[in-house]
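>>> the following comprises the amino acid sequence and a computationally predicted model.
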Amino acid sequence: MAEHFDIAVIGGGAGGLFFTALAAKMHKELRFTVIEKNPRVGKKLLVTGNGRCNLTNIYTSVSDYHGSFSPYIKTILDICPPQKILDLFLEMGLVTRADDFGRVYPKSNQASSVLDVLRFNCEKDNVSFFCDNKVEKIEKRSNSFAISTDKSSFTAQRVIFATGGAAAPKAGGDKSGYEILKKLGHKIITPSPSLCPIMVKSDYLKSLKGIRVQGEVLLLENGKTISNEIGEIQFTENALSGICVFNLSQYIESKQKYTLRVKMMPENEYNEIVSVLLNNRRVFATLEAENLMTGIFHKRIAQALMKATGINLNKKVEEISEREIKTLAKVINNFDFEVIGPSDFGNAQVTKGGVSGLEVNPDTMESKIVKGLYIIGEALDCNGDCGGYNLQFAFATGYLATLSL
């Protein structure tokens, strides 16, 4: 026989646990359960922020979000700004700290501290946990929901849908939640990987594998800049990586042609770069050509740039012509890579796509399609940049759902 609860939370991740910890404390008269497909709750939470859990960002703004739900971010942030999240966590027993970029972490620097605080607060208010239960079907009845998992059956007056997205499958990410929501009548904007490396084609990429540089990277479509980011760029065997590249990955649409342009010296104008190179030609005149950019770049970066320019590495530095110097100066800030596409979900931090923002009430997070169903976090079509913005969204939407009970 199905066990009955007032509130069933589908998914024991960041948003689901945050909602449950707050709501169970506010409504002690209600029976809550968290139904989680993994053997334990919070598996993905433990790997966020490289195991440190970047909870939020104190500089969060509307511009940090993308997707069909993004027009409602102002509403979310007005009601639940980052400081509200931190205050609520402090009440639960979690002390936090912010770095110079506004990224907030637990003072312990351990993601496990965040999970433990959420879990202990839930247990304190007698929340029931059913782990290793993969939800296969949710049916809306006249005034309740019937929930079927691969092991059990439940009924609930209201359902909080917090399954997350398809990113990080090793931590439990998959598309099953979207299928359930689709059967309940919701439109699902096709999920795709976001905040991930960008796969590229280049004759020089393999030689650059493992190298990191500070610079600027631009995403271009038909020669027009879509967006640009400054930061550390990492070269792998078949992709460009790093936070700045991750943030650009969310702009890539299927069937479109893009170029990634790396500026190795974005702080310098063309004439300044020419001047530096001419000086180096004088200083290293008698050395082999590959030494022209000694003191500027990693040797393998220098070799790749010179090969891209067409400079013969077998001659002497003093034999490099001024025309070649000027061409090289252009390439240094126009080092282009043909984009194949974003990496897969296994390398993605979040999912782009999900339930259309038009189908959820941004004041309550209740579905406009199914009364009594609330959708929070990554299940929605809203993805943020790197830096704590996605967890801020998960926590904030969870908080709004608690206010509507």
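Okay, I see it. Numbering: from 1, shown residues only.

>>> what's the neighbour count on residue 28?
9 (other Cβ atoms under 10 Å). For glycine as for every other residue, the C-beta is placed from the backbone atoms N, C-alpha and C.

>>> wait, residue 296
Around residue 296 there are 16 residues (other Cβ under 10 Å).

>>> how much space between it and residue 128?
As defined by Cβ to Cβ, to the nearest Å, residue 296 lies at a distance of 62 Å from residue 128.

>>> check contacts around residue 391.
Applying Cβ atoms under 8 Å, 6 or more residues apart in numbering to residue 391 gives the contacts 14, 48, 53, 54, 55, 56.

>>> now those residues as TSV including distance to residue 349, secondary structure and neighbour count?
Putting the contacts of residue 391 into TSV (distance: Cβ to Cβ, whole Å; DSSP: H, G, I helix; E, B strand; the rest coil; neighbours: other Cβ atoms under 10 Å) gives the following:
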residue	distance to residue 349	secondary structure	neighbour count
14	13	helix	28
48	8	helix	22
53	13	coil	27
54	10	coil	22
55	15	coil	26
56	15	strand	29
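
>>> turn those residues into CSV, including pLDDT and distance to residue 174.
As requested, these are exported to CSV (pLDDT from 0 to 100; distance: Cβ to Cβ, whole Å):
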residue, pLDDT, distance to residue 174
14, 96, 16
48, 89, 17
53, 96, 22
54, 96, 23
55, 96, 24
56, 98, 26
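
>>> what is the nearest of the residues you listed to residue 313?
Taking Cβ to Cβ as the measure, residue 313 sits nearest to residue 54 out of the contacts of residue 391, at 42.8 Å.

>>> list phi and psi for the nearest residue to the closest one once chain neighbours are set aside.
Of all residues beyond its chain neighbours, the one nearest residue 54 is residue 388 (4.2 Å), with distances taken as Cβ to Cβ, 6 or more residues apart in numbering. When read as degrees, to the nearest 10, the backbone of residue 388 gives phi 100, psi 0.

>>> tell me the secondary structure for residue 9?
strand (DSSP: H, G, I helix; E, B strand; the rest coil).

>>> now do the same contact list for it.
16, 19, 20, 32, 33, 34, 35, 159, 160, 162.

>>> the fifth one belongs to a helix?
So the one you mean is residue 33. No. Residue 33: not assigned to a helix; according to three-state DSSP it is strand.

>>> residues in contact with it?
3, 5, 7, 8, 9, 127, 128, 129, 130, 154, 156.

>>> distance of it from residue 88?
Per Cβ to Cβ, residue 33 is found 22 Å from residue 88.

>>> pull up the pairing partners for the longest strand along the chain, direction included.
Using DSSP state E, we find that the single longest strand of the chain is strand 224-235. Next to strand 224-235 in the sheet, as set by DSSP bridges, lie strand 212-221 (antiparallel), strand 239-241 (antiparallel).
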